[in-house]
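1. Okay, sequence plus prediction incoming.
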Amino acid sequence: MPDSPSFFADRLDEGPDALSALLRAARLRGGRVRRGRATGPVALRVADRRVAHLAVSPGVTVQVGGTTVPLAPSDMALLARGDEHVLSGPDGAEWVTGEFTADHAIADPVLAVLPPVIHCTGAAPDALWLRTSLELLLRETDSPSPGSHVMAARILDLLFIHALRRWAAEAEVTPGWLTAAMDPRLGPVLTAVHAHPEHPWSIDELARIAALSRSALAARFTRLLGMPPAAYVTAQRLDRAAELLRDTDSPVGEVGTAVGYASEAGFSRAFHRRFGAPPLRWRGTVG
(Lines give C-alpha, C1' and ligand atoms only; values in the text may rest on other atoms or scores of the structure.)
Protein backbone atom coordinates (compact mmCIF):
# COMPACT_ATOMS: atom_id res chain seq x y z
CA MET A 1 0.00 0.00 0.00
CA PRO A 2 1.53 3.39 -0.92
CA ASP A 3 2.68 5.68 1.90
CA SER A 4 1.08 8.75 0.35
CA PRO A 5 -1.76 9.36 -2.09
CA SER A 6 -1.11 10.15 -5.74
CA PHE A 7 -2.99 13.15 -7.08
CA PHE A 8 -3.79 13.28 -10.79
CA ALA A 9 -3.95 17.10 -10.74
CA ASP A 10 -0.50 17.70 -9.29
CA ARG A 11 0.42 19.88 -12.27
CA LEU A 12 -1.85 22.61 -10.94
CA ASP A 13 0.61 23.02 -8.06
CA GLU A 14 3.34 24.18 -10.44
CA GLY A 15 1.94 27.71 -10.40
CA PRO A 16 -0.58 29.61 -12.52
CA ASP A 17 -0.40 29.35 -16.28
CA ALA A 18 -0.12 32.49 -18.37
CA LEU A 19 -3.86 32.94 -18.87
CA SER A 20 -4.63 32.44 -15.17
CA ALA A 21 -1.92 34.90 -14.20
CA LEU A 22 -3.23 37.50 -16.62
CA LEU A 23 -6.84 37.19 -15.45
CA ARG A 24 -5.66 37.68 -11.88
CA ALA A 25 -3.51 40.66 -12.76
CA ALA A 26 -6.37 42.23 -14.71
CA ARG A 27 -8.73 41.58 -11.80
CA LEU A 28 -11.19 40.16 -14.27
CA ARG A 29 -13.97 38.53 -12.31
CA GLY A 30 -17.68 37.92 -12.32
CA GLY A 31 -19.91 40.49 -10.71
CA ARG A 32 -23.65 41.11 -10.57
CA VAL A 33 -26.06 38.53 -12.02
CA ARG A 34 -29.64 39.42 -12.93
CA ARG A 35 -32.50 37.42 -14.41
CA GLY A 36 -34.64 39.17 -17.01
CA ARG A 37 -38.22 38.43 -18.01
CA ALA A 38 -39.97 40.54 -20.67
CA THR A 39 -43.57 41.62 -20.03
CA GLY A 40 -43.73 42.82 -23.64
CA PRO A 41 -41.35 43.07 -26.59
CA VAL A 42 -38.06 44.35 -25.23
CA ALA A 43 -34.93 45.96 -26.71
CA LEU A 44 -32.32 46.85 -24.09
CA ARG A 45 -29.30 48.90 -25.09
CA VAL A 46 -26.15 48.01 -23.14
CA ALA A 47 -22.94 50.05 -23.35
CA ASP A 48 -19.52 50.06 -21.70
CA ARG A 49 -20.09 46.84 -19.76
CA ARG A 50 -18.49 43.43 -20.18
CA VAL A 51 -21.43 41.06 -19.98
CA ALA A 52 -22.63 37.57 -20.75
CA HIS A 53 -26.23 36.98 -21.80
CA LEU A 54 -27.61 33.46 -21.39
CA ALA A 55 -30.96 32.69 -23.05
CA VAL A 56 -33.54 30.82 -20.99
CA SER A 57 -36.33 30.91 -23.59
CA PRO A 58 -36.46 31.13 -27.42
CA GLY A 59 -36.43 34.42 -29.31
CA VAL A 60 -33.61 36.25 -27.52
CA THR A 61 -31.15 38.04 -29.84
CA VAL A 62 -28.06 40.17 -29.41
CA GLN A 63 -27.31 42.84 -32.00
CA VAL A 64 -23.82 44.36 -32.02
CA GLY A 65 -22.65 46.54 -34.87
CA GLY A 66 -24.24 45.14 -38.02
CA THR A 67 -24.43 41.58 -36.67
CA THR A 68 -27.45 39.92 -35.09
CA VAL A 69 -26.85 36.77 -33.04
CA PRO A 70 -29.96 34.67 -32.29
CA LEU A 71 -29.75 32.78 -29.01
CA ALA A 72 -31.48 29.45 -28.56
CA PRO A 73 -32.30 28.31 -25.01
CA SER A 74 -29.04 27.65 -23.08
CA ASP A 75 -26.96 29.66 -25.58
CA MET A 76 -24.59 32.33 -24.33
CA ALA A 77 -23.35 35.56 -25.90
CA LEU A 78 -20.17 36.86 -24.25
CA LEU A 79 -19.34 40.50 -24.96
CA ALA A 80 -15.93 40.53 -23.32
CA ARG A 81 -14.77 43.85 -24.81
CA GLY A 82 -17.76 45.81 -23.56
CA ASP A 83 -19.10 46.72 -27.02
CA GLU A 84 -22.38 48.60 -27.16
CA HIS A 85 -25.18 46.23 -28.16
CA VAL A 86 -28.93 45.64 -28.01
CA LEU A 87 -30.51 42.65 -26.26
CA SER A 88 -33.94 41.92 -27.72
CA GLY A 89 -36.72 39.45 -27.09
CA PRO A 90 -40.46 38.93 -27.55
CA ASP A 91 -43.12 39.09 -24.88
CA GLY A 92 -42.32 36.45 -22.28
CA ALA A 93 -38.64 36.13 -23.22
CA GLU A 94 -36.36 35.12 -20.35
CA TRP A 95 -32.61 35.42 -19.98
CA VAL A 96 -29.82 35.78 -17.43
CA THR A 97 -27.23 38.57 -17.63
CA GLY A 98 -23.95 38.51 -15.76
CA GLU A 99 -21.51 41.41 -15.58
CA PHE A 100 -17.72 41.31 -15.32
CA THR A 101 -15.36 43.80 -13.74
CA ALA A 102 -11.71 44.31 -14.68
CA ASP A 103 -8.74 46.63 -14.51
CA HIS A 104 -9.19 48.40 -17.84
CA ALA A 105 -5.53 49.36 -18.24
CA ILE A 106 -4.47 45.71 -18.27
CA ALA A 107 -7.57 43.94 -19.60
CA ASP A 108 -8.46 46.22 -22.51
CA PRO A 109 -5.38 45.63 -24.71
CA VAL A 110 -5.44 41.88 -24.03
CA LEU A 111 -9.13 41.39 -24.82
CA ALA A 112 -9.02 43.67 -27.86
CA VAL A 113 -8.12 40.65 -30.02
CA LEU A 114 -11.53 39.10 -29.30
CA PRO A 115 -14.52 39.58 -31.59
CA PRO A 116 -17.34 41.85 -30.36
CA VAL A 117 -19.38 38.79 -29.35
CA ILE A 118 -18.50 35.14 -28.70
CA HIS A 119 -21.50 32.88 -29.28
CA CYS A 120 -21.51 29.57 -27.39
CA THR A 121 -24.21 27.05 -28.31
CA GLY A 122 -25.80 25.27 -25.39
CA ALA A 123 -27.16 22.45 -27.54
CA ALA A 124 -23.69 21.33 -28.64
CA PRO A 125 -22.75 17.83 -27.40
CA ASP A 126 -19.69 19.20 -25.58
CA ALA A 127 -21.54 22.13 -23.97
CA LEU A 128 -22.57 20.41 -20.75
CA TRP A 129 -20.54 23.08 -18.94
CA LEU A 130 -22.82 25.78 -20.36
CA ARG A 131 -26.11 24.03 -19.66
CA THR A 132 -25.07 23.17 -16.11
CA SER A 133 -23.84 26.69 -15.43
CA LEU A 134 -27.15 28.16 -16.57
CA GLU A 135 -29.08 25.77 -14.32
CA LEU A 136 -26.93 26.78 -11.35
CA LEU A 137 -27.34 30.49 -12.09
CA LEU A 138 -31.10 30.11 -12.33
CA ARG A 139 -31.16 28.27 -9.02
CA GLU A 140 -29.15 30.99 -7.28
CA THR A 141 -31.17 33.86 -8.76
CA ASP A 142 -34.58 32.25 -8.24
CA SER A 143 -33.90 31.03 -4.69
CA PRO A 144 -31.02 33.05 -3.27
CA SER A 145 -29.47 31.84 -0.05
CA PRO A 146 -26.35 32.71 1.96
CA GLY A 147 -23.38 32.76 -0.40
CA SER A 148 -25.45 33.06 -3.59
CA HIS A 149 -23.74 36.27 -4.72
CA VAL A 150 -20.27 34.72 -4.49
CA MET A 151 -21.40 31.45 -6.07
CA ALA A 152 -22.98 33.23 -9.04
CA ALA A 153 -19.85 35.35 -9.53
CA ARG A 154 -17.65 32.23 -9.58
CA ILE A 155 -19.92 30.62 -12.15
CA LEU A 156 -19.44 33.70 -14.34
CA ASP A 157 -15.67 33.29 -13.99
CA LEU A 158 -15.94 29.72 -15.29
CA LEU A 159 -18.19 30.78 -18.16
CA PHE A 160 -15.69 33.43 -19.24
CA ILE A 161 -12.77 30.99 -19.34
CA HIS A 162 -14.79 28.32 -21.14
CA ALA A 163 -15.84 30.87 -23.75
CA LEU A 164 -12.22 31.92 -24.29
CA ARG A 165 -11.22 28.29 -24.80
CA ARG A 166 -14.05 27.79 -27.30
CA TRP A 167 -13.02 30.91 -29.20
CA ALA A 168 -9.37 29.86 -29.30
CA ALA A 169 -10.28 26.40 -30.60
CA GLU A 170 -12.61 27.64 -33.33
CA ALA A 171 -11.32 31.03 -34.42
CA GLU A 172 -8.77 31.71 -37.13
CA VAL A 173 -5.35 32.61 -35.78
CA THR A 174 -5.30 36.32 -34.98
CA PRO A 175 -2.25 38.02 -33.48
CA GLY A 176 -2.89 38.72 -29.83
CA TRP A 177 -2.05 37.72 -26.31
CA LEU A 178 -4.86 35.23 -25.88
CA THR A 179 -3.91 33.42 -29.06
CA ALA A 180 -0.33 33.08 -27.85
CA ALA A 181 -1.28 32.06 -24.31
CA MET A 182 -3.20 29.06 -25.64
CA ASP A 183 -0.50 28.00 -28.09
CA PRO A 184 1.25 24.76 -26.95
CA ARG A 185 4.70 26.21 -27.71
CA LEU A 186 4.31 29.79 -26.55
CA GLY A 187 1.99 29.11 -23.61
CA PRO A 188 4.81 27.67 -21.44
CA VAL A 189 7.06 30.60 -22.40
CA LEU A 190 4.48 33.17 -21.35
CA THR A 191 3.86 31.24 -18.13
CA ALA A 192 7.58 31.29 -17.29
CA VAL A 193 7.87 35.01 -17.97
CA HIS A 194 4.77 35.78 -15.92
CA ALA A 195 6.05 33.70 -13.02
CA HIS A 196 9.47 35.39 -12.95
CA PRO A 197 9.39 38.75 -14.77
CA GLU A 198 12.50 39.84 -12.86
CA HIS A 199 14.64 37.10 -14.42
CA PRO A 200 17.06 38.31 -17.14
CA TRP A 201 15.44 36.20 -19.82
CA SER A 202 17.54 35.50 -22.89
CA ILE A 203 16.23 34.39 -26.27
CA ASP A 204 18.14 31.12 -25.85
CA GLU A 205 16.35 30.35 -22.56
CA LEU A 206 12.93 31.14 -23.99
CA ALA A 207 13.64 29.05 -27.08
CA ARG A 208 14.55 26.06 -24.90
CA ILE A 209 11.29 26.37 -22.97
CA ALA A 210 9.35 26.44 -26.25
CA ALA A 211 11.46 23.62 -27.73
CA LEU A 212 12.07 25.82 -30.78
CA SER A 213 15.07 27.39 -32.43
CA ARG A 214 15.73 31.09 -31.82
CA SER A 215 14.48 32.01 -35.29
CA ALA A 216 11.38 29.82 -35.00
CA LEU A 217 10.57 31.32 -31.60
CA ALA A 218 10.90 34.86 -32.93
CA ALA A 219 8.73 34.06 -35.94
CA ARG A 220 6.05 32.38 -33.81
CA PHE A 221 6.01 35.29 -31.32
CA THR A 222 5.57 37.79 -34.12
CA ARG A 223 2.85 35.76 -35.81
CA LEU A 224 0.80 34.93 -32.71
CA LEU A 225 1.58 37.84 -30.40
CA GLY A 226 2.45 40.64 -32.79
CA MET A 227 5.76 41.46 -31.08
CA PRO A 228 9.21 39.91 -30.61
CA PRO A 229 10.07 38.00 -27.41
CA ALA A 230 12.22 40.77 -25.89
CA ALA A 231 9.41 43.32 -26.25
CA TYR A 232 6.99 40.96 -24.55
CA VAL A 233 9.35 40.43 -21.60
CA THR A 234 9.65 44.20 -21.15
CA ALA A 235 5.89 44.68 -21.34
CA GLN A 236 5.27 41.96 -18.77
CA ARG A 237 7.83 43.44 -16.37
CA LEU A 238 6.13 46.83 -16.56
CA ASP A 239 2.64 45.35 -16.19
CA ARG A 240 3.83 43.53 -13.07
CA ALA A 241 5.33 46.79 -11.81
CA ALA A 242 1.99 48.53 -12.30
CA GLU A 243 0.32 45.79 -10.26
CA LEU A 244 2.84 46.25 -7.43
CA LEU A 245 2.47 50.03 -7.49
CA ARG A 246 -1.28 49.68 -7.31
CA ASP A 247 -1.46 46.99 -4.61
CA THR A 248 1.50 47.79 -2.32
CA ASP A 249 3.24 50.74 -0.68
CA SER A 250 6.70 49.63 -1.82
CA PRO A 251 9.02 52.46 -2.89
CA VAL A 252 9.48 52.94 -6.61
CA GLY A 253 13.08 51.72 -6.49
CA GLU A 254 12.04 48.46 -4.81
CA VAL A 255 9.31 47.90 -7.37
CA GLY A 256 11.81 48.43 -10.19
CA THR A 257 14.23 45.95 -8.63
CA ALA A 258 11.43 43.42 -8.14
CA VAL A 259 10.75 43.38 -11.88
CA GLY A 260 14.37 43.23 -12.99
CA TYR A 261 15.53 46.84 -13.39
CA ALA A 262 19.01 47.68 -12.09
CA SER A 263 18.35 51.41 -11.64
CA GLU A 264 15.34 53.42 -10.53
CA ALA A 265 15.92 55.96 -13.28
CA GLY A 266 15.88 53.32 -16.01
CA PHE A 267 12.74 51.78 -14.55
CA SER A 268 10.98 55.16 -14.36
CA ARG A 269 11.77 55.96 -17.98
CA ALA A 270 10.52 52.60 -19.20
CA PHE A 271 7.37 52.84 -17.07
CA HIS A 272 6.65 56.34 -18.39
CA ARG A 273 6.92 55.14 -21.99
CA ARG A 274 4.39 52.35 -21.42
CA PHE A 275 1.84 54.05 -19.13
CA GLY A 276 2.25 57.72 -20.04
CA ALA A 277 3.27 58.82 -16.54
CA PRO A 278 6.18 58.18 -14.16
CA PRO A 279 5.56 55.57 -11.45
CA LEU A 280 4.76 57.93 -8.55
CA ARG A 281 2.30 60.02 -10.57
CA TRP A 282 0.69 56.89 -12.01
CA ARG A 283 0.31 55.41 -8.52
CA GLY A 284 -1.50 58.58 -7.44
CA THR A 285 -4.09 58.19 -10.19
CA VAL A 286 -5.01 54.59 -9.27
CA GLY A 287 -4.65 54.71 -5.52
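-> Looks like it arrived, so ask away. Numbers count the residues shown, from 1 in each chain.

2. can you tell me which helix in the chain is longest?
-> Counting residues, the longest helix found in the chain (DSSP state H) is helix 148-170.

3. contacts for the helix or strand just after it?
-> Remark: after helix 148-170, the chain's next helix or strand is helix 177-181, criterion DSSP states H and E. Residues outside helix 177-181 that contact it (CB atoms under 8 Å, 6 or more residues apart in numbering) are 17-19, 22, 109-111, 113-114, 164, 167-168, 173, 186-187, 190, 221, 224-225. In short, each C-beta sits where N, CA and C put it, glycine included.

4. you'd agree Gly284 is in a helix?
-> Yes: assessed by DSSP: H, G, I helix; E, B strand; the rest coil, Gly284 belongs to a helix.

5. can you pull out the strands in the stretch 101-250 of the chain?
-> With DSSP state E, counting those that start in this stretch as the criterion, the stretch 101-250 of the chain has strands at 118-120.

6. Show me the helices in it, by range?
-> Ranges of helices in the stretch 101-250 of the chain, per DSSP state H, counting those that start in this stretch, are 104-111, 128-142, 148-170, 177-181, 186-195, 203-210, 214-225, 229-247.

7. got those as a markdown table, with distance to Ala77 columns?
-> Shown next, in a markdown table, are those (distance: least, CB to CB, whole Å):
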| stretch | distance to Ala77 |
| --- | --- |
| helix 104-111 | 15 |
| helix 128-142 | 12 |
| helix 148-170 | 9 |
| helix 177-181 | 18 |
| helix 186-195 | 27 |
| helix 203-210 | 35 |
| helix 214-225 | 26 |
| helix 229-247 | 29 |
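
8. looking at the ones you listed, which is closest to Arg274?
-> When the helices of the stretch 101-250 of the chain are ranked by distance to Arg274, counting by CB to CB, first place goes to helix 229-247 at 4.6 Å.

9. Distance from whichever helix or strand comes after the closest one to the middle of the chain?
-> Tracing the chain past helix 229-247, the next element assigned as helix or strand by DSSP H and E is helix 252-258. How far helix 252-258 lies from its chain's middle: 27 Å, per CA atoms, centre = their mean, to the nearest Å.

10. what's helix 252-258 packed up against?
-> With contacts taken as 3 or more CB pairs under 8 Å, 6 or more residues apart in numbering; DSSP states H and E, helix 252-258 sits against helix 229-247, helix 264-275, helix 279-286.

11. Residue ranges in the stretch 151-287 of the chain under the pLDDT threshold?
-> Residue ranges of the stretch 151-287 of the chain with pLDDT under 70: 171-174, 287.
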